[in-house]
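Peer 1: no sequence for this one, just the structure:
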DNA sequence: CGGCGACTAGAACGAACGCTCTATCCAGAG
DNA sequence: CTCTGGATAGAGCGTTCGTTCTAGTCGCCG
């Protein structure tokens, strides 16, 4: 994986533009709801370019989109966990940020990995596997933070499962309900749950 | 809502067969990934019948499918909550049951409401609204149980948000990871969270 | 028996799908 | 300069999409 990594401009490499566009569109419309022609059009690329960079077709492109979503959320997660020594407080801040992002997109931009992978379990194994790897990485990041904060390794890994699952579920619930409440409650309750492992309890 | 309600046989009314088939297919393949012709074929109905019963087309059919999923899960939820006075224990039993169902379907059958609604936020408002109503109903069922168990109403409604969100997220995580672990951990942690509200704590 | 609404049946439409194909462009190596 | 191979470009393939439409079947009420 030796990418030139021109990291954000819209004048980024064609391949980069295609993946970003695919990720954004699949986040809103799902994998099946997004057409390759729509992606190429909105990315300012042509069909030829898409199949040049992704000879595996839509499935390979979807996999790349999931991996991009993985990287982006991993970075966000690390950012919030690093900014605050107390994991509970970090999670509250993270849920608030997720809720804000959701609201600002008019409740359209949920988790890109979730939106893309749902409905592809059968028939697109590459995407399903990339999503599984994403969830595993996020869990590892959370578990690492908990260990650093003094948790036993077993407890940390166990808790990380629920932290990630609850974040995913709450983001989905917030999106569907078009309300920040589920995410806000999730943050508060995760903090409370973490506090039961010997830390200070603060409602 | 005056349905004749022939409740399960495959010789049920045509309309019933169509909705059930639509719900099952959308649960596996998502809304966009499921074609009306596939539904009519597998339901043993014809295209004419589908449009006779659902003149609103695919969107109306999708909405009906979401409502069916709503009813089914509401019933399951009530069943587990009624079978056990302690809400925490009931939730542990529920997550175990969900995990078992998921495994038995070879990790194909996630939450029918979630699978159908994801990716339809824009462009199919009826489906999104039906899903919002489903989540709200489930929350109300959980909150009712918590109140019965002695929780303050505000705490109960607050907790219900996280219970439903965590169940959704854990089912998704279990499906993607093809493992019962996320659901099992979610059940245990929800029980622990509930126990922090004054009940007996039992890990 | 005639008539009527509910339901079944499936051909056909235009649009969009994922993908293949050939043709062209162009920077750098020789 | 020529040559080459990565990258761009888009017409066109066969298929499927959601939907519409006309025709036919059936049971029931008069």
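Peer 2: Here it is on my side, so go on. Keep in mind that what you see is a predicted model, and the values were worked out from it rather than measured.
Peer 1: around DNA strand C, which positions in chain A sit nearby?
Peer 2: A:34-38, A:47-48, A:51, A:57-59 (C-beta under 7 Å from any atom of the strand). Using the backbone N, CA and C atoms, a C-beta is placed for each residue, glycine as well.
Peer 1: cutoff 6 Å now
Peer 2: Within reach of DNA strand C by C-beta under 6 Å from any atom of the strand, chain A has these residues: A:35-38, A:47-48, A:51, A:57-58.
Peer 1: give me the residue at the spatial middle of chain A.
Peer 2: The residue lying closest to the centre of chain A (C-alpha atoms, centre = their mean) is residue A:73, at 4.3 Å.
Peer 1: my guess is it contacts residue A:113. True?
Peer 2: Yes - counting by C-beta atoms under 8 Å, residue A:73 touches residue A:113, with 7.1 Å between them.
Peer 1: residue boundaries of the helices in chain A?
Peer 2: Using DSSP state H, the helices of chain A run over A:14-29, A:36-43, A:47-53, A:58-82, A:87-104, A:112-117, A:125-148, A:153-177, A:181-195.
Peer 1: need the winner for burial among those helices.
Peer 2: helix A:112-117 (a mean of 28; mean count of other C-beta atoms under 10 Å in any protein chain shown).
Peer 1: what helices or strands is that helix leaning on?
Peer 2: helix A:14-29, helix A:58-82, helix A:125-148, helix A:153-177 (3 or more C-beta pairs under 8 Å, 6 or more residues apart in numbering or on different chains; DSSP states H and E).
Peer 1: how far out from the middle of the chain is the second one?
Peer 2: The gap between the average C-alpha position of helix A:58-82 and the chain average comes to 6 Å, counting by C-alpha atoms, centre = their mean, to the nearest Å.
Peer 1: next: stretch A:113-121.
Peer 2: 12 Å.
Peer 1: with stretch A:106-115 instead?
Peer 2: Relative to the centre of its chain, stretch A:106-115 is centred 9 Å away, using C-alpha atoms, centre = their mean.
Peer 1: distance of the closest residue to residue A:145 other than its chain neighbours from residue B:68?
Peer 2: The spatial neighbour of residue A:145 that comes closest, neighbours along the chain excluded (C-beta to C-beta, 6 or more residues apart in numbering or on different chains), is residue A:81 at 4.5 Å. As judged by C-beta to C-beta, to the nearest Å, residue A:81 and residue B:68 stand 40 Å apart.
Peer 1: show me the residues around residue A:57 that make contact.
Peer 2: A:36, A:51 (C-beta atoms under 8 Å, 6 or more residues apart in numbering or on different chains).
Peer 1: same deal with residue A:137?
Peer 2: If you count contacts by C-beta under 8 Å, 6+ apart, residue A:137 has them with A:70, A:74.
Peer 1: pLDDT value on it, please?
Peer 2: Per-residue pLDDT puts residue A:137 at 98.
Peer 1: returning to that earlier point: so what sits against both of residue A:73 and residue A:113?
Peer 2: Between them, residue A:73 and residue A:113 share the contacting residues residue A:134, judged by C-beta under 8 Å, 6+ apart.
Peer 1: report pLDDT for the closest residue to residue A:94 other than its chain neighbours.
Peer 2: Excluding the flanking residues, the one nearest residue A:94 by C-beta to C-beta, 6+ apart is residue A:80, at 4.3 Å. Looking at residue A:80, its pLDDT is 98.
Peer 1: ok so, going back, separation between the residue nearest to residue A:145 and residue A:93?
Peer 2: Using C-beta to C-beta, residue A:81 is found at 10 Å from residue A:93.
Peer 1: ok, now which ones touch residue A:117?
Peer 2: Under the criterion of C-beta under 8 Å, 6+ apart, the neighbours of residue A:117 are A:31, A:66, A:127-128, A:130-131, B:176.
Peer 1: before we move on, what about residue A:88?
Peer 2: Contacts for residue A:88 (C-beta under 8 Å, 6+ apart) come out as A:190-192, A:194-195, A:199.
Peer 1: which of those sits closest to DNA strand D?
Peer 2: Minimum distance to DNA strand D across those is 38.3 Å, recorded for residue A:190 (C-beta to the nearest atom of the strand).
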